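Engineer: A predicted structure for the sequence below; I have some questions about it.
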Amino acid sequence: MLFNSSVFLYAFLPLSILGFYLLARRAGIAAAKLWLCIASFVFYGWWNPAFLVLLAGSIAFNYTLSLFLSGTDKSAGRGQTLLLAAGITANVMLLGYFKYLFPFLGFLHELGWLRVDAGSVILPLGISFFTFTQIGYLVDCRQGLVRQRGMLNYVLFVTFFPHLIAGPILHNREIMPQFADPETYRFKAEKLAAGLALFAFGLFKKVVIADSMAPWANSGFLHTHGAPLDYAWSVALAYSMQLYFDFSGYADMAIALGIMFGVKLPLNFNSPYKSASIIDFWQRWHMTLTRYLTLLLYNPIAFWVARRRKAKGQSTGRDAVSTPSGFLSMIAFPTMVTILIAGIWHGAGLQFVIFGALHGTYLCVNHAWRIVHPPDPSKQAVALPAPMRLWRGLWPVLLTYLAVLVAEVFFRAGSVGDALALLAGMAGAHGSDLPAPSLHLAFNVLFGLSVGLIAFFAPNVYQIMDRWSPALTKVRSTLRGMLWQPNFRWALIGGTLLFAASLRFDQSAPFLYFQF
């Protein structure tokens, strides 16, 4: 079931909310939790009921494993660590089977190394997200961070439908205490109003903006070879904005749905195209994935490197990081490994490896620049003319976006060859072929410029909602005149956005991140 569908908006969601609060009031918290679990299974199984078996089996396996990892016997520490490693391996193997095995066998078949074509397998929706969520839970159990245990709590944590299909990736310690709070189950009109407002913004971004960019991007990436300069750039920019507003729209809707049930989800998207560096970009784009990979992959690798250096009598301080060998081992190595895995997580193909390698390289260069040229507060305090201040603030954003745009071409392209062909066109290798002026072209250009201005300069919805923001993380806001309030004016704006989006339900497409 999709958020951008009539059956979800007009049937599933109202019934889910009504049943949740009525059962909480009449039958108690446990009944409300059970209702939400059932609703989440219905939501997940709507597209393909067969995948419910996979989801239920994954939950049963990981919950059983968590019981052994939650023991308090200190003498069993090494055994629990091995059990945790086995659990993580099993989850990764399940993910690898569905996401990577058959593409890899197909690659071997194309090379002639495998005589029989192995075919393919349908990728279960959201398998990466519910697998990563459960791996995080196992790690939390091993570290003794899980407080709200029990089968019902665990099923609710994993299947809570707002995050089930495409994130955010949750930690048990930030979500389940909210489900343990009786206040969560008391209906409040302002929570529903804030949730509906945010949902309206997200739905409009997805259905009206992102899906309007999709036809041009989809068509363009089918014809990348020989693309002239203007055409190549328009295709890359169209996809860049499609991806931005598609993911941003889903992130808004997921958080909106959470707050309708009284639960605040972590922020997952915070105007990443406004980033002035690639480090800042990854702190704004898919924020929970960055957090997850940092905690479970980057940090352990960095600690392992530090221990090895200490064992060899080498320094691990700031001075050591500024040396070539120290930088390569303590910064570049864990960064490249982590981001390469992040790239492969997004898809099975060499283009995703290159996507990860590009971002890993960007991050290493960014870290090296900060070491060689640390910020100088005295220079920042010097008064500059307005044009220079504007340029000083603008050029890092443009440079960061250009780097991201190049990587996004590999992210979207069907192959490395297609990506390189489009990039060649963007570099002018095939000349320019400006189309004849037309009203349709003028409208598309005007729409594209408007979308770009929103992404780069407009305040995001969390700044607009300010103190009513339904996310766990509050976004800093300096707005004064356009703050959201639960009043008639904003209800009219939200209703208009919902109505405009609902007119395009029959033309809408699945969310891009559903494939991951």
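Structural biologist: Thanks, I have it. Numbers count the residues shown, from 1 in each chain.

Engineer: could you pull out the helices for the stretch 151-300 of the chain?
Structural biologist: For the stretch 151-300 of the chain, the helices defined by DSSP state H, counting those that start in this stretch cover 151-159, 161-164, 172-180, 189-204, 211-220, 229-260, 278-282, 287-293, 299-311.

Engineer: now for those helices, which one comes closest to L34?
Structural biologist: helix 151-159 (6.5 Å; CB to CB). In short, each C-beta sits where N, CA and C put it, glycine included.

Engineer: helices or strands up against the closest one?
Structural biologist: When contacts are defined as 3 or more CB pairs under 8 Å, 6 or more residues apart in numbering; DSSP states H and E, helix 151-159 packs onto helix 29-45, helix 51-69, helix 127-142, helix 172-180.

Engineer: Tabulate the helices of the stretch 151-300 of the chain (TSV), appending mean neighbour count and distance to V121.
Structural biologist: TSV is the format used below for those (neighbours: other CB atoms under 10 Å; distance: least, CB to CB, whole Å):
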stretch	mean neighbour count	distance to V121
helix 151-159	20	22
helix 161-164	24	20
helix 172-180	18	30
helix 189-204	22	31
helix 211-220	18	24
helix 229-260	24	24
helix 278-282	20	31
helix 287-293	21	24
helix 299-311	14	31
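
Engineer: Save those helices as TSV, and put in distance to A386 too.
Structural biologist: As requested, those are exported to TSV (distance: least, CB to CB, whole Å):
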stretch	distance to A386
helix 151-159	51
helix 161-164	44
helix 172-180	43
helix 189-204	32
helix 211-220	33
helix 229-260	28
helix 278-282	24
helix 287-293	33
helix 299-311	42
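
Engineer: mind putting the ones you listed in a markdown table, distance to S322 and mean pLDDT included?
Structural biologist: Shown next, in a markdown table, are these (distance: least, CB to CB, whole Å; pLDDT from 0 to 100):
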| stretch | distance to S322 | mean pLDDT |
| --- | --- | --- |
| helix 151-159 | 43 | 94 |
| helix 161-164 | 40 | 90 |
| helix 172-180 | 36 | 91 |
| helix 189-204 | 43 | 94 |
| helix 211-220 | 42 | 91 |
| helix 229-260 | 35 | 93 |
| helix 278-282 | 17 | 96 |
| helix 287-293 | 25 | 92 |
| helix 299-311 | 14 | 92 |
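
Engineer: sorry, back to before: most packed of the helices and strands packed on helix 151-159?
Structural biologist: Mean neighbour count (mean count of other CB atoms under 10 Å) peaks for helix 127-142 among the helices and strands packed on helix 151-159, with a mean of 22.

Engineer: That helix versus helix 29-45: what angle between them?
Structural biologist: Between helix 127-142 and helix 29-45, the angle comes out at 150 degrees (axes from the mean of the first three to the mean of the last three CA atoms, to 10 degrees).

Engineer: what sits up against helix 127-142?
Structural biologist: Residues outside helix 127-142 that contact it (CB atoms under 8 Å, 6 or more residues apart in numbering): 54-55, 58-59, 62, 65-66, 69-70, 80-81, 84, 87-88, 91-92, 94-95, 98-99, 146, 154, 157-159, 163-167, 169-173, 292, 296, 345, 516.

Engineer: doesn't G96 fall inside a helix?
Structural biologist: Yes: per DSSP: H, G, I helix; E, B strand; the rest coil, G96 lies within a helix segment.

Engineer: Most distant residue from the centre of the protein?
Structural biologist: Ranked by distance from the centre of the chain (CA atoms, centre = their mean), the top residue is G313, with 40.2 Å.

Engineer: Quick one: classify it as helix, strand or coil.
Structural biologist: What three-state DSSP gives for G313 is coil.

Engineer: residue ranges of the helices in the stretch 351-500 of the chain, please?
Structural biologist: Assigned by DSSP H, counting those that start in this stretch, the stretch 351-500 of the chain shows helices spanning 377-380, 386-412, 416-426, 439-457, 461-465, 488-502.

Engineer: Let's have those helices in TSV, adding distance to F130, mean pLDDT and mean neighbour count.
Structural biologist: Converted to TSV, the helices of the stretch 351-500 of the chain look like this (distance: least, CB to CB, whole Å; pLDDT from 0 to 100; neighbours: other CB atoms under 10 Å):
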stretch	distance to F130	mean pLDDT	mean neighbour count
helix 377-380	45	60	7
helix 386-412	22	89	16
helix 416-426	30	95	20
helix 439-457	30	82	13
helix 461-465	25	91	23
helix 488-502	27	92	15
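
Engineer: Which of those helices sits closest to I38?
Structural biologist: Taking the helices of the stretch 351-500 of the chain one by one with CB to CB, helix 488-502 is closest: 26.4 Å.

Engineer: the inter-axis angle of that closest one versus helix 211-220?
Structural biologist: Helix 488-502 runs at 30 degrees relative to helix 211-220, counting by the same axes, to 10 degrees.

Engineer: Make 47 the first number, not 1, from now on.
Structural biologist: Taking 47 as the first residue, the last one we looked at is helix 534-548.

Engineer: Next up, the contacts around S323.
Structural biologist: Contacts of S323 (CB under 8 Å, 6+ apart): 412, 442, 446.

Engineer: swap the cut-off to 6 Å and go again
Structural biologist: 412, 446 (CB atoms under 6 Å, 6 or more residues apart in numbering).

Engineer: same thing with A282?
Structural biologist: Contacts for A282 (CB under 6 Å, 6+ apart) come out as 451, 455.
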